[in-house]
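Trainee: Have a look; sequence and predicted model below, questions after that.
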Amino acid sequence: MLDPILVINCGSSSLKYALVPAEPDAPRLSGLVERLGGVDARLVGTDTRGATFAEAMPGADHRQALATVLTRLEGAAPLAVGHRVVHGGERFVAATRLDDGVLRALDALRELAPLHLPANLAGIAATRRHYPGLPQVAVFDTAFHRTLPPRAYRYALPESLYRRHGIRRYGFHGSNHAHVSRRLATLSGTGNGGWLIAHLGNGCSACAVWQGESVDTSMGLTPLEGLVMGTRSGDVDPGLHSHLARRLGWSLARIDRLLYHESGLLGLSGLSHDMRRLEQAAAEHHEGARLAIEVFCYRVAKALAALSCALPRLDGIAFTGGIGEHAAAVRASVIAQLPHFGARLDAAANAGTVGGRGGRIDAGRGPELWVIPADEEAQIAAETRRLLETSQP
Ligand SMILES: Nc1ncnc2c1ncn2[C@@H]1O[C@H](COP(=O)(O)OP(=O)(O)O)[C@@H](O)[C@H]1O
Ligand SMILES: CC(=O)OP(=O)(O)O
Ligand SMILES: [Mg+2]
């Protein structure tokens with residue numbers, strides 16, 4: 001049994017790590033470097049003795065953050081490393097052992113996830129240098145969505161763009177959608193039926209899952225399609241790009257910056273990308289914050305209604321991710337905008353804390369409602385372990 005697995009999740013503005021033992025309930029060493037590049041960047045985590053620590057790292061970039069994390073982990077002796085890699089394109093549809101050839105192929109996908117893949121690849125390079133003898137595995141966000149049928153993954157574009165250039169919908173956040181759907185199968189009386197999962201973090205996506213498989217999802221070719229996110233726009237009219245280029249003379253780089261970094265909750269509110277901050281400001285009658293939350297919730301509800309078409313039967317809805325787990329008012333607003341689903345929220349359960357294992361928040365009758373804590377790390381460690389154990393001589 002490979003134990004423990006080090007999981008590295010090198011994100012757009014954060015770096016998460018966890019040392020995951022094979023035993024699911026055993027304590028984990030884990031941590032997070034947040035606000036990378038900012039003056040208030042800091043590492044918060046637990047050390048090898050289980051004590052929590054915080055360390056200010058003003059201005060730290062991914063490389064510096066990873067170097068500090070790896071120093072902190074000295075003595076922890078992982079047996080393998082699992083990396084979150086956001087995009088696997090059409091080629092990588094399952095966890096894959098990393099070597100120079102795989103890294104070259106991933107390098108060619110960079111522009112499909114410009115916020116994420118460069119950070120993922122930098123994290124892999126630094127970790128390989130630090131642990132030259134350890135097996136390293138890529139676990140792809142896109143892999144869980146390999147089961148999408150063509151009606152869900154094809155755009156209404158000429159076929160040659162799909163065949164020659166891989167222009168199709170891929171979907172993301174697959175490790176967490178897979179984790180949540182497995183938890184639901186265990187926790188819910190209805191087991192492996194039809195579920196809608198709303199993953200609401202900095203990046204947001206919704207997924208329709210039928211019998212444990214992804215059948216449609218809100219993100220597409222890149223992690224920009226679909227829901228309103230922290231700084232990403234989600235769906236806009238595809239005509240917007242040429243309009244901005246013609247009318248304002250904007251370059252592609254400027255349009256990318258708009259859609260990835262200046263939009264979403266931040267763009268709508270003019271205040272912050274952070275839901276906690278927006279909830280406070282809305283309570284103090286900040287008009288932009290109020291509008292941002294209203295648009296955010298409406299778009300989640302609209303996406304769930306659309307995705308329900310992919311399911312023969314709706315057994316329930318699960319919320320996950322920082323916003324999905326903690327923002328009770330967002331959950332209540334989303335469910336209130338889906339009266340035709342017939343789900344009934346238990347207001348007290350929704351407002352209460354659901355704890356680390358998640359909990360049920362419906363009042364009986366109709367589809368079940370759940371909050372399930374996100375755990376990309378557990379899924380990445382499990383897939384890394386499975387690949388290495390089954391491929392070892
Ligand atoms: N108690 C809370 N109430 C409302 N929103 C919260 C709360 N805690 C975290 N969030 C929100 O969750 C989002 C971050 O989600 P998270 O899943 O941690 O991000 P990431 O995608 O970077 O992993 C932020 O918008 C943050 O404000
Ligand atoms: C794919 C994606 O949006 O990831 P994240 O939520 O980590 O930004
Ligand atoms: Mg996330």
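Mentor: Cool, the structure landed. Ligands and ions are numbered 1, 2, ... in the order given.

Trainee: and the residue of the stretch 201-350 of the chain found nearest ligand 2, how many neighbours?
Mentor: Nearest to ligand 2 in the stretch 201-350 of the chain, going by CB to the nearest ligand atom, is G203, at a distance of 2.2 Å. C-beta coordinates here come from the backbone N, C-alpha and C atoms, glycine included. Residues contacting G203 under the criterion other CB atoms under 10 Å number 25.

Trainee: That one against V228, yeah?
Mentor: No - if you go by CB atoms under 8 Å, G203 and V228 don't touch, sitting 10.9 Å apart.

Trainee: Now do the same contact list for the one residue sitting closest to the centre of the chain.
Mentor: Centroid-nearest residue in the chain: H173, 3.7 Å away (criterion: CA atoms, centre = their mean). Counting by CB atoms under 8 Å, 6 or more residues apart in numbering, H173 touches 141, 199, 203, 205, 207, 219, 376.

Trainee: Repeat that for A303.
Mentor: 198, 206, 218, 226-227.

Trainee: tell me, how many neighbours does the residue in the stretch 151-300 of the chain that ligand 1 sits nearest to end up with?
Mentor: Closest residue of the stretch 151-300 of the chain to ligand 1, CB to the nearest ligand atom: G201 (2.6 Å). By other CB under 10 Å, 20 other residues sit near G201.

Trainee: cool, and the one 3 residues further on?
Mentor: Neighbour count for C204, taken as other CB under 10 Å: 30.

Trainee: where does the closest residue to it other than its chain neighbours fall, helix, sheet strand or coil?
Mentor: Leaving aside its sequence neighbours, C204 sits nearest to L227 (CB to CB, 6 or more residues apart in numbering; 4.1 Å). Under the three-state scheme (DSSP: H, G, I helix; E, B strand; the rest coil), L227 adopts coil.

Trainee: from what I can see L227 touches G234, true?
Mentor: Yes - between L227 and G234 there is a contact at 4.8 Å, judged by CB under 8 Å.

Trainee: list the contacts for the residue of the stretch 251-393 of the chain found nearest ligand 1?
Mentor: The minimum distance from the stretch 251-393 of the chain to ligand 1, using CB to the nearest ligand atom, falls at G322 (2.2 Å). Residues near G322 by CB under 8 Å, 6+ apart: 200-202, 275, 374.

Trainee: Could you do A208 as well?
Mentor: A208 sits next to 194-196, 214-217, 307-308, 310-311 when contact means CB under 8 Å, 6+ apart.

Trainee: Neighbour-wise, give me the winner out of the residues you listed.
Mentor: Neighbour-wise, those (other CB under 10 Å) top out at T217, 31 neighbours.

Trainee: how near is it to S12?
Mentor: T217 is 19 Å from S12, where distance means CB to CB, to the nearest Å.

Trainee: just A318 next, same as before
Mentor: Taken as CB to CB, the span from A318 to S12 is 24 Å.

Trainee: so where's the stretch 251-393 of the chain shaky on pLDDT?
Mentor: Counting by pLDDT under 70, the stretch 251-393 of the chain has low-confidence residues at 353-357, 392-393.

Trainee: hey, where'd the strands end up in it?
Mentor: 316-320, 359-360, 368-371 (DSSP state E, counting those that start in this stretch).

Trainee: re the thing from before, list the residues that contact both of L227 and G234?
Mentor: 204, 218, 299.

Trainee: Okay, and which of those residues map to helices?
Mentor: R299 (DSSP state H).

Trainee: Which ones among the shared contacts of L227 and G234 also lie next to ligand 3?
Mentor: On the criterion CB under 5 Å from the ion, none of the entries of these sits beside ligand 3.

Trainee: Of the shared contacts of L227 and G234, which is the nearest to A185?
Mentor: A185 lies nearest to S218 out of the shared contacts of L227 and G234, by CB to CB, at 21.6 Å.

Trainee: What does that closest one show for phi and psi?
Mentor: The phi/psi pair for S218 (degrees, to the nearest 10) reads phi -90, psi -20.

Trainee: For the nearest residue to it once chain neighbours are set aside, list the residues it contacts.
Mentor: Distances taken as CB to CB, 6+ apart place G226 nearest to S218, at 3.2 Å, with adjacent residues excluded. Neighbouring residues of G226 by CB under 8 Å, 6+ apart: 204-206, 217-220, 234-235, 303.

Trainee: what do you get if the cut-off is 10 Å, keeping everything else the same?
Mentor: G226 makes contacts with 169, 171-172, 203-206, 217-220, 232-235, 299-300, 303, 306-307, as judged by CB atoms under 10 Å, 6 or more residues apart in numbering.
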